[in-house]
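Undergrad: Give me a model of this one.
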Amino acid sequence: MSTTNLVQQVEQVCVDVARAGQDITFATVAARTGLSRSTLYRHPELRV
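TA: The predicted structure follows:
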């Protein structure tokens with residue numbers, strides 16, 4: 001998966017989580033995207 005696709009996937013999850021009124025955390029984003037937390041931490045463009 002390309003970095004652009006990862007960014008889009010993470011951004012969509014953040015929007016969905018925010019709309020649901022939940023806190024956006026690395027654990028939540030990782031669980032909903034199927035990515036590991038280490039992958040999220042390893043890519044600075046995913047941490048914005």
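
Undergrad: only C-alpha atoms for contact and neighbour calcs from this point on.
TA: Will do.

Undergrad: And Thr33, how far from Ser2?
TA: Per CA to CA, to the nearest Å, Thr33 is found 14 Å from Ser2.

Undergrad: Among the two, which residue is more densely surrounded?
TA: Thr33 (13 against 6; other CA atoms under 10 Å).

Undergrad: Residue most distant from the centroid, this protein?
TA: Gly21 (15.8 Å; CA atoms, centre = their mean).

Undergrad: Count residues in the vicinity of Val7, would you?
TA: 17.

Undergrad: In the protein, which residue is most central in space?
TA: Short answer for the chain (CA atoms, centre = their mean): Val10, at 3.2 Å.

Undergrad: my read: that residue touches Leu35, true?
TA: No: in this structure Val10 lies outside contact range of Leu35 using CA atoms under 8 Å: 9.4 Å.

Undergrad: Overlap of the contact sets of those two?
TA: Val29 (CA atoms under 8 Å, 6 or more residues apart in numbering).

Undergrad: pLDDT value on Met1, please?
TA: With respect to pLDDT, Met1 has a value of 67.

Undergrad: got the phi/psi numbers for Ile24?
TA: phi -90, psi 110 (degrees, to the nearest 10).

Undergrad: For it, give me its contacts.
TA: Cys14, Val17, Ala18.

Undergrad: Tabulate those residues in TSV, adding columns for pLDDT, neighbour count and secondary structure.
TA: Listed next are the contacts of Ile24 as TSV, based on pLDDT from 0 to 100; neighbours: other CA atoms under 10 Å; DSSP: H, G, I helix; E, B strand; the rest coil:
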residue	pLDDT	neighbour count	secondary structure
Cys14	96	19	helix
Val17	97	17	helix
Ala18	97	12	helix
